[in-house]
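**Student:** Sharing a model that was predicted from the sequence below.
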Amino acid sequence: MSIPTTNNPLPITAPAGPALKLAILSESPADEAALQVLVRDVLKQPFTLVQASLRARGWPSVEQVLPAIVRHLHFNTDADGLVVVCDSDDSPVHTPAHEAPSYHHPLCRICRLRAAFRRTTRNLPPAHGRQRVLRAVGVCVPAIEAWLLCGRDTSVTEQAWMAGQESGQLPYTRRDLKWRVYGTERPTLQHEMRRAVQEVSRWHGDVRRLENDFPNGFGALARDLRSWSEGRAGL
Amino acid sequence: MIAAVRFKNFKALRATAVQLAPFNLVLGPNGSGKTSLIQSLLRLRTLSGLATGPAPALGDATPGGPEIEFSFAAPYADIRVALGCNTDELVCNLLVLDAPPGADARRAELRAKLQSIRAYLFDHYAMAAPARASDGAELASNGGNLAAVLAAWQANHPAAFAALQAEFVRLLPEFAALELRPREGGLVELGARLVAEGGHFVAAENLSQGTLYQLAILALAFAPQPPAVVCIEEVDRGLHPRTFREVRDALYRLSYPKDTGMDRAPVQVIATTHSPYFLDQFREHPEEVVLASKRGAEATFERLSDRADILDLMKETHLGDLWYSGILGGVPDGGV
């Protein structure tokens, strides 16, 4: 392991090279299948998975297991970054107000996951030639099926969900969304994976509509991912 | 098919009832009545196969004795079936079957369905052994004739065998195919061919426990002529937690055939588990979860969706963790 000096700091952005090495932590194999497509579409460059089959059992295990996964990736792999995506369920949606310096919403899952990342990486020594594992955090509002319906069902947006939370009249439930995507409340995992990849492939690499309709949950993820590339371009 | 079972003085089930859905996951501590529920169904099966005489009142026939009453979903909702048991609580020998006048055909139909109730507690040692080829009509309660059943499917229901095999190699991609080999003495041996190592044959006795348990569950899920009711004890036995979603999917295939594009009658499933991880698979469907609780010597059933606060409780915690914590009930007494 090389030791960084003030004259020769290790990078905190993605290293130059042919392909990013990243890991994806999500709640199910179907989510992961969709995320692999979405991450590729946002990064617009190839990547390799350094640690296949990371999985959390849903909230709150995503948050609970995240520190251990970050440490593992940092010390035991040469991963450039970790993509973490979970469902918001009924939690408050991340908004631009949460992006203010030092702001932390105690119930917002993006704020909480970012905080867990910060706490974990703060005192880690450099390893594998980089300062830390890069972070990309997104939250599906309220579940990934909403992202899958983007552009197909115009009533499904973050704005509609947030308005529903405010009024106490949610526009749809997770069960509704499952039904709309899978045609059943009890899809098999295989069917979920097939439909997830079908739907995210529908955009042919252009995620602008998804970012427009889900500016906080998906937008946050996309901005994190782009920051990796931007940092890389600046190296 | 079975809408509810009401118990009175049957083992630890002193005075309780359970509503049954197409799929039911039953959890609870040891001795809380999970197996008793299944035993009551098996007794119902046995007695429904016997001829019945005039229906006596249960109380007269077995004064003070245990009683079990069953009610059914449409089209059998107007038929009442009850079992009367000896006071030693072990043997139920009296069947009362009340049907309205003119319901003879439906009553006969219901009796036929009741006779197809099956219960399983799989035993990987039994499943690994070669089976008598002539014993392949249906899966035995311990899965001990798995090889014979699959050989029979291969011969008589090739589409069902092909579907099961396709699912098996999808779930366990290290294998390329299942293979049934005739053995001396009219036996048949089960094994699987590896994808690697030149397609090496692995005999069932060398397959992992979990592989055999998965195969047994697939044998239920893909059965060409499944029973009306399937009970499975310790459904998660020997399986990796990450396979639980696929196990749930396989069981849903029985209970909700239309969801997987099949045109056959639903099979009612009653499965038991002690695994919080398996319970987590039912976060979206708490109405499918039954908690069995024991207080002192008395056990009761409660459907999870009957708790008014269950959705709120699940907001910040996994369902399995909630159960383990004890706030839902269905955990051992006495600080264990």
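**Tutor:** Done, it's in.
**Student:** B:Q19: what's it in contact with?
**Tutor:** B:A3, B:A4, B:R303 (C-beta atoms under 8 Å, 6 or more residues apart in numbering or on different chains). Any C-beta I mention is one placed from the backbone N, CA and C, and that applies to glycine too.
**Student:** Show the buried residues in those.
**Tutor:** Using 16 or more other C-beta atoms under 10 Å in any protein chain shown as the burial test, the contacts of B:Q19 include B:R303 as buried.
**Student:** Residue numbers of chain A in contact with chain B?
**Tutor:** A:28, A:55, A:57-61, A:89-91, A:174-175, A:178, A:184-190 (C-beta under 8 Å from any C-beta of the partner chain).
**Student:** Return the subset of those residues lying in helices.
**Tutor:** A:S61, A:R174, A:R175, A:K178, A:L189, A:Q190 (DSSP state H).
**Student:** Save these as a markdown table, and put in pLDDT too.
**Tutor:** Formatted as a markdown table, these follow (pLDDT from 0 to 100):
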| residue | pLDDT |
| --- | --- |
| A:S61 | 92 |
| A:R174 | 92 |
| A:R175 | 92 |
| A:K178 | 95 |
| A:L189 | 96 |
| A:Q190 | 96 |
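**Student:** Now restrict the residues of chain A next to chain B to buried residues only.
**Tutor:** A:28, A:55, A:57-61, A:89-91, A:174, A:178, A:184, A:186-188, A:190.
**Student:** So B:A119: helix, strand or coil?
**Tutor:** Taken by DSSP: H, G, I helix; E, B strand; the rest coil, the conformation at B:A119 corresponds to strand.
**Student:** Hmm, B:A140 and it touching each other?
**Tutor:** No: using C-beta atoms under 8 Å, B:A119 is not in contact with B:A140, being 10.9 Å away.
**Student:** how about the helices in the stretch 101-250 of chain B?
**Tutor:** B:104-114, B:124-128, B:146-156, B:158-171, B:209-221, B:244-255 (DSSP state H, counting those that start in this stretch).
**Student:** looking at those, which one has the lowest mean pLDDT?
**Tutor:** The minimum mean pLDDT among the helices of the stretch 101-250 of chain B belongs to helix B:104-114 (a mean of 91).
**Student:** Kindly state the domain boundaries assigned to chain B.
**Tutor:** Following automatic domain parsing, one finds the domains of chain B at B:2-117+B:267-325, B:121-226.
**Student:** Tell me the pLDDT of residue 14.
**Tutor:** You didn't pick a chain, so chain A it is. 56.
**Student:** Can you look at chain B instead?
**Tutor:** At B:R14, pLDDT is 91.
**Student:** does it count as helix, strand or coil?
**Tutor:** Applying three-state DSSP: B:R14 is strand.
**Student:** With B:G65 instead?
**Tutor:** Quick answer, by three-state DSSP: B:G65 is coil.
**Student:** other SSEs contacting the helix or strand bottoming out on mean pLDDT in chain A?
**Tutor:** The least trusted helix or strand in chain A, going by mean pLDDT, DSSP states H and E, turns out to be helix A:217-233, with a mean of 85. In terms of contact count using 3 or more C-beta pairs under 8 Å, 6 or more residues apart in numbering or on different chains; DSSP states H and E, helix A:217-233 is assigned the packing partners helix A:29-43, strand A:81-87, strand A:134-140, helix A:208-213.
**Student:** please redo it, this time with the cut-off set to 10 Å
**Tutor:** Packing contacts for helix A:217-233, counted by 3 or more C-beta pairs under 10 Å, 6 or more residues apart in numbering or on different chains; DSSP states H and E, involve strand A:20-25, helix A:29-43, strand A:81-87, helix A:109-121, strand A:134-140, helix A:144-148, helix A:158-167, helix A:208-213.
**Student:** any idea how far B:V26 is from the residue nearest the centre of chain B?
**Tutor:** Nearest residue to the geometric centre of chain B (C-alpha atoms, centre = their mean): B:C231, 1.6 Å. Counting by C-beta to C-beta, to the nearest Å, the separation of B:C231 from B:V26 is 9 Å.
**Student:** Quick check: neighbours shared by those two?
**Tutor:** B:K34, B:T35, B:L37, B:I38, B:I270, B:A271, B:T272 (C-beta atoms under 10 Å, 6 or more residues apart in numbering or on different chains).
**Student:** Include distance to B:Q281 when you put the residues you listed into a markdown table, please.
**Tutor:** Formatted as a markdown table, these follow (distance: C-beta to C-beta, whole Å):
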| residue | distance to B:Q281 |
| --- | --- |
| B:K34 | 18 |
| B:T35 | 22 |
| B:L37 | 20 |
| B:I38 | 20 |
| B:I270 | 16 |
| B:A271 | 11 |
| B:T272 | 14 |
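**Student:** These in helices, which ones?
**Tutor:** Per DSSP H, those map to helices at B:K34, B:T35, B:L37, B:I38.
**Student:** Select from those the one having the most neighbours.
**Tutor:** Counting neighbours by other C-beta atoms under 10 Å in any protein chain shown, B:L37 leads those with 28 neighbours.
**Student:** I figured that one hits B:F10, correct?
**Tutor:** Yes: counting by C-beta atoms under 10 Å, B:L37 does reach B:F10; the two are 9.5 Å apart.
**Student:** Name the residues contacting each of these two.
**Tutor:** What both B:L37 and B:F10 touch, as defined by C-beta under 10 Å, 6+ apart, is the set B:T16, B:I68, B:A299.
**Student:** Report the contact partners of A:A220.
**Tutor:** A:85, A:94, A:98-99, A:110, A:113-114, A:136-139, A:211, A:214.
**Student:** Kindly recompute the last result at 6 Å.
**Tutor:** A:A220 makes contact with A:H94, A:I110, A:G138 under the criterion C-beta atoms under 6 Å, 6 or more residues apart in numbering or on different chains.
**Student:** Wait, the second one touches A:V139, no?
**Tutor:** Yes: in terms of C-beta atoms under 6 Å, A:I110 counts as a neighbour of A:V139; the distance is 5.2 Å.
**Student:** Can you list the low-confidence ranges for the chain?
**Tutor:** Since no chain was named, I'll use chain A. A:1-18, A:231-235 (pLDDT under 70).
**Student:** look at chain B instead
**Tutor:** B:51-63, B:87-90, B:334-336.
**Student:** want to throw the helices of the stretch 101-250 of chain B into TSV with mean neighbour count and distance to A:F47?
**Tutor:** As requested, these are arranged in TSV below (neighbours: other C-beta atoms under 10 Å in any protein chain shown; distance: least, C-beta to C-beta, whole Å):
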stretch	mean neighbour count	distance to A:F47
helix B:104-114	16	54
helix B:124-128	20	41
helix B:146-156	22	42
helix B:158-171	16	26
helix B:209-221	22	33
helix B:244-255	22	26
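**Student:** Show me which parts of the least confident helix or strand of chain A are buried, residue by residue.
**Tutor:** By neighbour count with 16+ other C-beta under 10 Å, helix A:217-233 contains the buried residues A:G217, A:F218, A:G219, A:A220, A:L221, A:A222, A:R223, A:D224, A:L225, A:W228, A:S229, A:R232.
**Student:** same question, stretch A:46-59
**Tutor:** Here stretch A:46-59 shows A:F47, A:L49, A:V50, A:Q51, A:L54, A:R55, A:A56, A:R57, A:G58, A:W59 as buried, counting by 16+ other C-beta under 10 Å.
**Student:** nearest spatial neighbour of the fifth one, skipping sequence neighbours?
**Tutor:** Using C-beta to C-beta, 6 or more residues apart in numbering or on different chains and skipping the chain neighbours, the partner closest in space to A:L54 is A:L25 (4.6 Å).
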